[in-house]
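Please find the sequence and the predicted model below.
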Protein chains: 2
Amino acid sequence: MPKQVDHEERRRRIADAVCALIDAQGLEGATLRDVATRADVSMGAVQRCFRNKEEMLRFALGHIGARVTERARGRLVAGPAQSAASTVGHVVGEVALLREEHRAEARIWLAFLAAAAVNPALAADLRAGYTDLEGLLARLVAEAAPALDPRREARTLLALADGLTGHVLIGHRTTAEAEELLHAHLAGLWREH
Amino acid sequence: MPKQVDHEERRRRIADAVCALIDAQGLEGATLRDVATRADVSMGAVQRCFRNKEEMLRFALGHIGARVTERARGRLVAGPAQSAASTVGHVVGEVALLREEHRAEARIWLAFLAAAAVNPALAADLRAGYTDLEGLLARLVAEAAPALDPRREARTLLALADGLTGHVLIGHRTTAEAEELLHAHLAGLWREH
């Protein structure tokens, strides 16, 4: 089914264009016209892939979310010698998008978060992603320190990671400072129990 | 100087209109035309108060920031019998904008945070506000638990509060859950030292 394949490939190329525009200018930058220009397709092609702007944004968010989740899961199989505690650190480190190479993803995530605060469909998508990540973190915390409340610690970790991402994005924290804060928070957890 | 007074009063009324529009529709909602309509002034009056949209947004951010800081400082004088530890909790509770009555402020803060990620002037304003709040929290933490690293704990608290605010805004956490997580984090701090 070559036509089907082309369609999916085109959707991904358009999603990449949406992400690049949001990274540079925020959500307002992702106009139909600019997305078409950037993806080097016609405006009609964009409209055939996505019924409206919201659908286009949701697809782009899924695109980023899948990348982050894939990296986080990659950390799970990094090596059997790795302790559950250090795996938690690696996974949170991927989710937090603190490093320079993930700055674009971080800006896009934040733009979506702000949009989701006034858009129920985007909010539902984000919540689904967060729920998955929390489940993953809670399982790892339970393994690393059975005396802790894994759900509570997973929820706190995810909120802390998100808060730090925002602070790094506006230059209030450096990547190194934010990583140190995450590390110190985790060290406190393992020390406590 | 009645003219000067009118000018300030008008700027505040316009800032209120900007905030109401951002709350309802995000930053994109704060167009010159809609702000003028909502504040019941002419578009020319808006333009005389603020040279451009960025200046208008920065004034509105300052407006919200001042309200939050005032409430946080009000918690400092709530009573001399209050311990430094419980004061930290009260101040963080004000900063986190978790309660239903501060939902509009929370949405506006998040819209500004996302905009600040791609706008250096807004980022500088936000950083100044965060630096003040961190200084205040660090002093309280130092008083409550001298063995802790006050700057580190203040930075972590502010990031955790911000992350939780975002999660409440998209309906991922309820106000009660977020408050419980903040409370548990603080209880862990005081217990540890």
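Alright, I've got the coordinates. All values reported here derive from a predicted model rather than from experimental measurement.

Now look at stretch A:33-44 and say if it contacts chain B.
No. Against chain B, stretch A:33-44 shows no contacts by CB under 8 Å from any CB of the partner chain, the least distance being 14.8 Å. Backbone N, C-alpha and C define where each C-beta goes, glycine included.

Contacts for that stretch, please.
A:Arg10, A:Arg13, A:Ile14, A:Asp16, A:Ala17, A:Val18, A:Ala20, A:Leu21, A:Leu32, A:Ala45, A:Val46, A:Met56 (CB atoms under 8 Å, 6 or more residues apart in numbering or on different chains).

Quick one: distance of that stretch to the chain centre.
Relative to its chain's centre, stretch A:33-44 lies at 25 Å (CA atoms, centre = their mean, to the nearest Å).

buried sites along that stretch?
By 16 or more other CB atoms under 10 Å in any protein chain shown, the buried positions in stretch A:33-44 come out as A:Asp34, A:Val35, A:Ala36, A:Arg38, A:Ala39, A:Val41.

okay, among the residues you listed, which ones form the most distant pair?
The most widely separated members of the buried residues of stretch A:33-44, counting by CB to CB, are A:Asp34 and A:Val41 (12.0 Å).

Packing partners of the helix-or-strand element of chain A with minimal mean pLDDT?
None of the helices or strands of chain A scores lower by mean pLDDT, DSSP states H and E than helix A:2-25, at a mean of 80. In terms of contacts (3 or more CB pairs under 8 Å, 6 or more residues apart in numbering or on different chains; DSSP states H and E), helix A:2-25 is packed against helix A:32-39, helix A:43-49, helix A:53-74, helix A:103-116.

hmm, stretch A:121-128 in reach of chain B?
Yes. Applying CB under 8 Å from any CB, one finds stretch A:121-128 in contact with chain B at A:Ala123, A:Leu126, A:Arg127.

just checking, which of those residues belong to helices?
Among the residues of stretch A:121-128 next to chain B, DSSP state H puts A:Ala123, A:Leu126, A:Arg127 in helices.

Between the residues you listed, identify the one with the most neighbours.
A:Leu126 (25 neighbours; other CB atoms under 10 Å in any protein chain shown).

There's contact between that residue and B:Leu169 in this structure, I believe.
No. In this structure A:Leu126 lies outside contact range of B:Leu169 using CB atoms under 8 Å: 10.1 Å.

what is in contact with those two at once?
Counting by CB under 8 Å, 6+ apart, the residues touching both A:Leu126 and B:Leu169 are A:Leu113, A:Ala116.
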